[in-house]
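# Model the structure of this input:
(chains A and B, ligands or ions: 4)
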Amino acid sequence: MCSADPKELAKKSLMIMRELCDGNGATADSVQIKEARGEVLDMQGITHIELTHITEQERKVGKHIQGALLPNAQMLGAEIAQTIAKMGKNDESRKVITGKLLNRTDKGFSSHGEEINLPEFGIEYTTHEPCGSCQGQGGATCKRCNGRCQETCTQCHAKTMIPCRKCSGNGFTMGQDNKQQKCNFCFGHRQVACPLCQKRGTIKCRICNGAGKTKCDPCKGSGAFSVFTKLKIAIKTLFEMDRTSVPAPVVYAIENSGDKLVAQKHIDLISAESVRREDGGMAIHYKARFPYGDLVFSVNGKPITAHLFGNRGKMLKLKPFLEDMIEPGLEHLGRAAQGDGRVANLIKKASQYKLIASALLFVSSMPKKKAFMALKRKYPMGISNDAVMQIIKQSDQALGNVTRKPRYMGLGAGLIVTVLLIGGLLLTKTYAAIIVKMPHLIFEIILSTGLVALCGYLTTIIIKKFADKARSQAIGHLMAANTKMVAPAKTRTSGLYAYIGAAIILLIISEITRHVGLATPAWYPIK
Amino acid sequence: MTNTTLTIPAKNGGSFDAYVAMPEGVSPDNPAPCVIVIQEIFGVNNGLRGKCNWLASQGFIAIAPDLFWRVEPKIELSDQIPEQLQRAFDLFGQFDIDKGIEDLKQTLHTIKGHANSNGNVGCLGYCLGGKLAYLLACHSDVKASIGYYGVGIENLLADAKSIKGKLMLHIAEKDGFVPPEAQTQIRQTLGGRDNIVLHSYPDMDHAFTREGGDNYDAGNAEIADSHSILFLKENLS
Ligand SMILES: [Zn+2]
Ligand SMILES: [Zn+2]
Ligand SMILES: [Zn+2]
Ligand SMILES: [Zn+2]
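Ligands and ions are numbered 1, 2, ... in the order given. The predicted model follows:
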């Protein structure tokens, strides 16, 4: 393990600084190192590992088994506590658990409050509970038949016979010759066997269907429920370091992104080994090493301090200084944003500063938030977030000002095209000719909506063309290098007016058709 | 097959007759499933008794209650005689659907307890009976219901949420009493449910399984009936 030479790092950071300053009120040569002090620092840290667990329970009707079957809930609690205690003591499982951190690129360095699931240690248990509604019986005696399974026949009322229907219980019928003759259905017996109970006098109970018992509803007759308990094991980390052993800015960097610092090799881990804490708990102990330096740059003769940290010379805490250096450019940009003077000229002047030029380029083709991120990526240090936000906002306003007039000229031109298109369709016989073939209200609505959308879209294209021209007059000199990448100018509110205008024109022309006796769209209200 | 008549007590007094067709060889030791056959607007006539006998030949205890008894008991009409057709529509006009469902529930309760019944009861109905079969599925614990070209189901689709058993509907696509929009509504609401089966018959008109009727189609009637028998056997055995 060897950490980079602080002197080399100072040289690298000088290049970064020159990149930031060049074209922003200073030349590369005017940036120099005034003072440099560097050393290699060692530090120690420890990541504690706490075992945690959660249980998930699921109930199911009936007796089923998933995983280990335990007699009751008390045993379940004891079993879970025992399992976790064993895991903390067992060397094999300790190795697997610490391995979760040690096998990562950051080896768990500075991991704090992180929760890691250990699916390989998950266990499932089952306990069975009797149903409370039926006391585990699965059912209750049928209330209708009292468990006798039978009820009185509703046809013969337990008499087993019913009066003959054919002779109405007379035993004889009137023959064709008006003589009485023996009923050929009951053979003169006046009664026949009950057809419902088949002479039994009772029928199957219709509530329990002859079972004598009714099923318990909550447990669906099984008398029991199964409770499946999933035990999920996880670890939680806690990082500790001696905060007095390293400079304060480094403490901040390690505590906030120490894992990345290790993974990206800003700092070296000399050792990382699992240890047994005095209380028996698990932990990983680290020894880390990294270069650190204090630097004073001179920019245009003014001193600017910076801290260098890590193998790649990461600069910590560079006080914002670029704002002051591009001050004259910011003033021109501010005036352009307020429309104070010839906006195109003001923009040109402001864009002599590389930072402002970048802001204008980003803003001209992307939403403000994205532009902010892009500019922040290009200037990650030396300028405050507030200042970057302000520059983005003003650049957007300035570009809006320079394209305003042309945008409304474009809108006017687009609306003229709209009048010609809609008029050409509605104020000639074309429309009547089309709807004769498709005489549906829905079709006419779709046609009109489509027409408004098309005209609105055409207008926005015209607006963009006009705005593009004005924009390239103001910032064309910046775009020349990568013209292809730049998106068309924004239409802003005039884009909305394009669609509203098209809709209004359609309504006006529809009204005209009513008065000149041409086909009016079916959706248009006629009193 | 033997047939008999049962007297079924109505819920709030009175009683009505029901024609019962009993399959060969069933007994309390060899019980059979039951099917309530629900009438058209022509009463329990020859045609309907024929349907009962057909079901009995397939092994089901078939029972057809006289649902018009509150207006005119034991009426039997024919669709082929114009005056009787008119009378059928008159009776239909006076028929109380809610009372009809109540009588069907009583029938279900009685036949369930029949000495030869296995306790599983289904129902099957035509036209007016098709609608009643649908409603019985919605509002009773009948295990399986079949509706042939039921009229007016599209206005009762909200009831379908309480269907506990199985339901099968035979839909005639050219049904003069069930317009295409109503059929679409039925398909959209009831289609795709686990406990509901819909069968569609292209080019078939209302009552295409009524033998001797104007719209009778032997081929499609046979297809529909074989679907029904299979469905009843699956759900009532
Ligand atoms: Zn229970
Ligand atoms: Zn009972
Ligand atoms: Zn009896
Ligand atoms: Zn007799």
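
# Please count neighbours and contacts with C-alpha atoms only from this point.
Will do.

# secondary structure class for the residue nearest the centre of chain B?
Centroid-nearest residue in chain B, with C-alpha atoms, centre = their mean: B:G125, separated by 1.6 Å. Following DSSP: H, G, I helix; E, B strand; the rest coil, B:G125 is assigned to strand.

# In terms of pLDDT, where does it sit?
Reported pLDDT at B:G125 in the predicted model: 96.

# neighbours of the residue nearest to it when sequence neighbours are not counted, just the number please.
Counting by C-alpha to C-alpha, 6 or more residues apart in numbering or on different chains, B:G125 lies nearest to B:I38, which is 4.3 Å off, once chain neighbours are set aside. For B:I38, the neighbour count with other C-alpha atoms under 10 Å in any protein chain shown is 29.

# looking at it, B:I38 is touching B:G122, isn't it?
No - B:I38 is not in contact with B:G122 according to C-alpha atoms under 8 Å; the separation is 10.8 Å.

# residue ranges of the helices in the chain, please?
Going with chain A. A:6-21, A:73-89, A:91-102, A:248-263, A:322-325, A:327-338, A:343-350, A:354-365, A:368-378, A:385-426, A:430-437, A:441-479, A:493-516 (DSSP state H).

# wrong chain, I was asking about chain B
B:46-57, B:82-94, B:97-112, B:128-139, B:180-190, B:218-236.

# relative to helix B:128-139, how tilted is the second one?
Put simply, helix B:82-94 runs at 20 degrees to helix B:128-139, going by axes from the mean of the first three to the mean of the last three C-alpha atoms, to 10 degrees.

# any low-confidence regions in chain A?
A:1-4, A:6, A:316-317, A:479-488, A:527 (pLDDT under 70).

# May I see the domains of it written out as residue ranges?
Per automatic domain parsing, the structural domains of chain A span A:6-120+A:232-316, A:320-527.

# about what we covered before: in a markdown table: the helices of chain B, plus distance to ligand 3, mean pLDDT and mean neighbour count.
Converted to a markdown table, the helices of chain B look like this (distance: least, C-alpha to the ion, whole Å; pLDDT from 0 to 100; neighbours: other C-alpha atoms under 10 Å in any protein chain shown):
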| stretch | distance to ligand 3 | mean pLDDT | mean neighbour count |
| --- | --- | --- | --- |
| helix B:46-57 | 21 | 96 | 20 |
| helix B:82-94 | 32 | 93 | 14 |
| helix B:97-112 | 11 | 95 | 20 |
| helix B:128-139 | 26 | 96 | 26 |
| helix B:180-190 | 41 | 94 | 15 |
| helix B:218-236 | 24 | 96 | 15 |
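
# that older thread, OK, contacts around the residue nearest to the centre of chain B?
B:V37, B:I38, B:Q39, B:E40, B:K131, B:L132, B:A133, B:I146, B:G147, B:Y148 (C-alpha atoms under 8 Å, 6 or more residues apart in numbering or on different chains).

# Give me the nearest residue to the third one, chain neighbours excluded.
Of all residues not flanking B:Q39 in the chain, B:G129 sits nearest, at 5.2 Å (C-alpha to C-alpha, 6+ apart).

# I'd say the one you found and B:G152 touch.
No - in this structure B:G129 lies outside contact range of B:G152 using C-alpha under 8 Å: 11.2 Å.

# so what sits against both of these two?
With contacts taken as C-alpha under 8 Å, 6+ apart, not a single residue reaches both B:G129 and B:G152.

# count of neighbours near the residue lying closest to A:G293 once chain neighbours are set aside?
Spatial nearest neighbour of A:G293, excluding adjacent residues (C-alpha to C-alpha, 6+ apart): A:G38 at 4.0 Å. Neighbour count of A:G38, defined by other C-alpha under 10 Å: 18.

# just checking, A:G38 touches A:K7?
Yes - with contact defined as C-alpha under 8 Å, A:G38 counts as touching A:K7 (7.1 Å).

# re earlier: next one: the residue nearest to the centre of chain B from B:K233, what distance?
17 Å (C-alpha to C-alpha, to the nearest Å).

# now swap in A:I203 and tell me
24 Å.

# same thing with A:T491?
71 Å.

# which ones are touching A:S494?
Per C-alpha under 8 Å, 6+ apart, neighbours of A:S494: A:R407, A:Y408, A:L411, A:T460, A:I463.

# Now, of these, which are buried?
A:R407, A:Y408, A:L411, A:T460, A:I463 (16 or more other C-alpha atoms under 10 Å in any protein chain shown).

# Can you tell me which of those is nearest ligand 4?
A:T460 (96.4 Å; C-alpha to the ion).

# How much space separates A:R148 from ligand 3?
In this view, A:R148 and ligand 3 are 17 Å apart by C-alpha to the ion, to the nearest Å.

# What of A:D324?
For A:D324 relative to ligand 3 (C-alpha to the ion), the value is 109 Å.

# since we're on that residue, how many residues are nearby?
12.

# Equivalent analysis for A:I509, please.
A:I509 - counted by other C-alpha under 10 Å - has 17 other residues nearby.

# any idea how far the nearest residue to it once chain neighbours are set aside is from chain B?
Distances taken as C-alpha to C-alpha, 6+ apart place A:G423 nearest to A:I509, at 6.6 Å, with adjacent residues excluded. Using C-alpha to the nearest C-alpha, to the nearest Å, we find A:G423 at a distance of 40 Å from chain B.

# what about A:G423, how many neighbours?
18.

# Distance of the closest residue to ligand 1 within the stretch 351-500 of chain A relative to ligand 2?
Nearest residue of the stretch 351-500 of chain A to ligand 1: A:I442, at 59.2 Å (C-alpha to the ion). Separation of A:I442 from ligand 2 (C-alpha to the ion): 62 Å.
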